[in-house]
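Peer 1: Sequence and computational prediction follow.
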Amino acid sequence: MSSGPETGLPDSWEIRHSNSKNLPYYFHPATKDSRWEPPAGTDPDRLKAFMAKYHSSKGVTPANLDNQGDKIRAAHLLVKHRDSRRPASWREPRITRSKEEAIEAIKVYLEQITAYENNSNDPSGKSLSELATTESDCSSARKGGDLGFFGRGDMQKEFEEAAFRLNKGEVSGIVETASGVHLIQRFAFS
C-alpha cells in the first residue's frame, strides 16, 4: 500500500496491489472506492515517476516460459487519444490529445526503440519495455507492457493480426485499434 504526496494521488487515495491480477490499483479507504485508473485530481507526472520507481517489473525474468501451444507472448506500448474507446489511463484521468498527436508521440517512441534494438550509441535509445513502463496508457505498463500469452481471438483484431505477423523479438510499426495506437514486440521465446 502506498499513499502520500510522493504518489501524486489526491488526499486519502492509496495505491494497493491486486493479488488476482498482480497489478497495482487505486483505493480510497473512506469511500471504499477502488479503480484501475487514477482518480481525478491526480498529478500525472508525480504518479508516473512513482509508478516507474516502485511498481515497475523492469528487469524481472518472466517465470512461465513453457510452450504455450498456438499462443504467443508480447508486450506493447499504447498511446490513447481523445477518440479512443476509453480515453483515460493510469497516467491521465482524461486524455485530450488528438489521434494525430498520439501518432506523433508513438513515432518518437519507435525511433527510440529502433535505436536501442540496433545497439546504436544513441543515448535516446530505450527498450519497448522501458518506455512502456513510463509512457504506455495501458495498465500493462506496470509490467513493462507485458501482456502475457494470448491466442487468436483474445485481442482486438488489428492488434492480434499485427502481433501474430511478428517474428520472435521483432517490434511492429504503428498499429491502430479502437483503444489507440500501439507498438508491439513479440517475445523472443514465444
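Peer 2: Yep, it's here.
Peer 1: residues near L131, how many?
Peer 2: Using other CB atoms under 10 Å, L131 has 22 neighbouring residues. C-beta coordinates here come from the backbone N, C-alpha and C atoms, glycine included.
Peer 1: and it, what does it touch?
Peer 2: Applying CB atoms under 8 Å, 6 or more residues apart in numbering, one finds that L131 lies in contact with 77, 109, 112-113.
Peer 1: for Q185, same thing?
Peer 2: Applying CB under 8 Å, 6+ apart, the residues contacting Q185 are 74-76, 113, 128-129, 145, 166, 169-172.
Peer 1: Same question for L110.
Peer 2: 171, 173-174, 183.
Peer 1: what comes up buried for the helix or strand harbouring it?
Peer 2: According to DSSP states H and E, L110 maps onto helix 99-117. Within helix 99-117, the residues scored as buried using 16 or more other CB atoms under 10 Å are 99, 102-103, 105-106, 109-110, 112-113, 115-116.
Peer 1: can you check stretch 14-28 too?
Peer 2: 14-15, 23-28.
Peer 1: Repeat that for stretch 175-182.
Peer 2: Those would be 175-177, 179-182, for stretch 175-182 by 16+ other CB under 10 Å.
Peer 1: Flag the shaky bits of this structure, pLDDT-wise.
Peer 2: Scanning the chain for pLDDT under 70 picks out the ranges 1-4, 19-22, 55-69, 189-190.
Peer 1: which stretches of it form helices?
Peer 2: Here the chain has its helices, by DSSP state H, at 44-54, 99-117, 128-135, 157-165.
Peer 1: nearest to S89, of the ones you listed?
Peer 2: helix 44-54 (9.0 Å; CB to CB).
Peer 1: Next, the angle helix 128-135 makes with the closest one.
Peer 2: Per axes from the mean of the first three to the mean of the last three CA atoms, to 10 degrees, the angle that helix 44-54 makes with helix 128-135 is 140 degrees.
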